[in-house]
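**Q** fold the following and give me the result.
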Amino acid sequence: MKRKFAVYGLIIAMLVLGGLQSALAGTWTPATNLPIAVAGYSVQCADDPGSFYVLGGVRNTGTTSNRVFRYDIAAARWERLENMPKAGRGIGLACYEGKIYVAGGLVTMTITKGFYIYDIASDTWSKGANLPDYVWGAALGAWNGKLYLVGGSRWGGAPYTPESRVDVYSIASGKWTAGGGTEMPFAASFPASTQVGATLYVVGGASGDLDQNVNQTQRYDMSQDTWEIGPEFSSARMLGGLAATDSHLYMLGGDLNGGDAFNPTNLVDVLDLSAWPEGAWVAGTPLPANNLAPATACSEFLTGGEIWDAGGMDVTPLWVQTEAVYYLPVEEGCP
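**A** Here you go, the predicted model:
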């Protein structure tokens, strides 16, 4: 009997290890470049898994972008859409029922309360109710007729002192409630974030101390208004990109701890969600180059499962944005 249990245990361990090896395997493959070099912000829509959007961000000229692009994964083609009403960096993005919501950000070096709504079908923009406060570098999620604006900073520069507040927007009433959600356990600005169903994952971010970024993996259940803490992140980062498959989180690039505001990296770390809240982040296939603020996505159209790294920037030795786009086969489906 003991031998039988040992065999079963070995089989289970092999299956888990096999899944992890699949998640860590693969090579970054070039795809169609963005039309411009930009460190933009990405969003995917649950009802359109064959594409992702890149909005706003910082261009090579140092200016803030108002451009909007949609990438058709199967066609390997970028489409330019109607510009945002205001250029923005540090914006929060969410997609819900045919609309993309853009919250806050930095506009012409001023933090804004601006809130804009893009109608995908008509390729048009409208202005929504202002946010309760000025904020940039916040995460945004959407669930059951509401938006949840998480964290961010109300300071226009380093050290990007973070907030823990969660503001809630009712799509039906068109009104915001300041502090309408449960506060984050660990305040963060410019975290990496991604949504899986009713869950918003928020990883890392600025802590207000340039020598120590937030090293927490936090997830917010928007349906229950509750937070959970997962494994600590050994290479604490801000301005990273976060992509989710149906079984893993992938943290791409970002800013490492250090004495300067930005210390870009090409590190990729992977978290197996099956062990949540236990487990550990492990090293994945590094990006082809250092990258701050890459746009990210997950798709199943090229290899059966791939994650994306689009645009972004490096700051060593100069501020240089990139138009490069890559995908990494991961042999996993999307949420």
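**Q** and the next helix or strand past the helix or strand of the chain with the lowest mean pLDDT?
**A** In the chain, the helix or strand scored least confidently by mean pLDDT, DSSP states H and E is helix 2-24, which has a mean of 40. Sequence order places strand 29-30 as the next helix or strand after helix 2-24, per DSSP states H and E.
**Q** which outside residues touch that next one?
**A** Ala324, Val325, Tyr326, Tyr327, Leu328, Pro329 (CB atoms under 8 Å, 6 or more residues apart in numbering). The C-beta positions use only the backbone N, C-alpha and C, and glycine is treated the same way.
**Q** and it, how far from the chain's centre?
**A** 20 Å (CA atoms, centre = their mean, to the nearest Å).
**Q** that one pairs with which strands?
**A** Strand pairing for strand 29-30, determined by DSSP bridges: strand 325-329 (antiparallel).
**Q** name the residues that touch the partner strand?
**A** By CB under 8 Å, 6+ apart, strand 325-329 touches 25-34, 71, 250, 285, 287-288, 299, 302-311.
**Q** again with stretch 277-287
**A** Counting by CB under 8 Å, 6+ apart, 20, 23-28, 217, 228-231, 233-234, 250-253, 266-273, 294, 309, 326, 328 sit against stretch 277-287.
**Q** just the buried ones among those, please.
**A** 20, 23-24, 26, 28, 217, 230-231, 233, 250-253, 266-273, 294, 309, 326, 328 (16 or more other CB atoms under 10 Å).
**Q** so for stretch 189-201, what gets flagged as buried?
**A** Ser189, Phe190, Pro191, Ala192, Ser193, Thr194, Gln195, Val196, Thr199, Leu200, Tyr201.
**Q** of the residues you listed, which belong to helices?
**A** Counting by DSSP state H, the buried residues of stretch 189-201 place none of their members in helices.
**Q** number of nearby residues for Asp47?
**A** For Asp47, the tally of surrounding residues (other CB atoms under 10 Å) stands at 10.
**Q** show me the contacts for it.
**A** Shown in contact with Asp47 (CB under 8 Å, 6+ apart): Glu97, Gly98.
**Q** just Lys99 next, same as before
**A** Per CB under 8 Å, 6+ apart, neighbours of Lys99: Ile117, Tyr118, Asp119, Ile120.
**Q** sorry, back to before: now a ChimeraX select for only the buried ones of the contacts of strand 325-329.
**A** Buried members of the contacts of strand 325-329, defined by 16+ other CB under 10 Å, are picked up in ChimeraX with:
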select :26,28,31,34,71,250,285,287,299,305,306,307,308,309,310,311
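**Q** buried residues in stretch 203-223?
**A** Buried positions in stretch 203-223, judged by neighbour count with 16+ other CB under 10 Å: 203-208, 210, 213-220, 222.
**Q** show me the contacts for Ser234.
**A** Counted by CB under 8 Å, 6+ apart, Ser234 has contacts Asn215, Asp269, Trp281.
**Q** what pairs with the second one across the strands?
**A** Meaning Asp269. In this entry, Asp269 is beta-bridged to Met251, Ala283, by DSSP bridges.
**Q** contact partners for it?
**A** Going by CB under 8 Å, 6+ apart, Asp269 touches Phe233, Ser234, Ser235, Tyr250, Met251, Trp281, Val282, Ala283, Gly284.
**Q** can you show me the helices along the stretch 201-335 of the chain?
**A** Counting by DSSP state H, counting those that start in this stretch, the stretch 201-335 of the chain has no helices to list.
**Q** show me the shaky parts of it.
**A** In the predicted model, the stretch 201-335 of the chain carries pLDDT under 70 at residues 258-261, 317.
**Q** what segments of it are strands?
**A** Listed in chain order, the strands of the stretch 201-335 of the chain (DSSP state E, counting those that start in this stretch) span 217-221, 226-229, 237-238, 241-244, 248-252, 255-256, 268-272, 282-283, 295-299, 306-310, 313-314, 320-321, 325-329.
**Q** okay if I get these as CSV plus distance to Asn144?
**A** CSV is the format used below for the strands of the stretch 201-335 of the chain (distance: least, CB to CB, whole Å):
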stretch, distance to Asn144
strand 217-221, 12
strand 226-229, 15
strand 237-238, 29
strand 241-244, 19
strand 248-252, 23
strand 255-256, 33
strand 268-272, 26
strand 282-283, 34
strand 295-299, 22
strand 306-310, 27
strand 313-314, 35
strand 320-321, 36
strand 325-329, 31
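**Q** tell me which of these lies nearest to Trp176.
**A** strand 217-221 (17.2 Å; CB to CB).
**Q** and the contacts of Lys99, which are buried?
**A** By neighbour count, with 16+ other CB under 10 Å, those hold Ile117, Tyr118, Ile120 as buried.
**Q** can you add secondary structure and pLDDT and give these back as TSV?
**A** Below are the buried ones among the contacts of Lys99 laid out as TSV (DSSP: H, G, I helix; E, B strand; the rest coil; pLDDT from 0 to 100):
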residue	secondary structure	pLDDT
Ile117	strand	98
Tyr118	strand	98
Ile120	coil	98
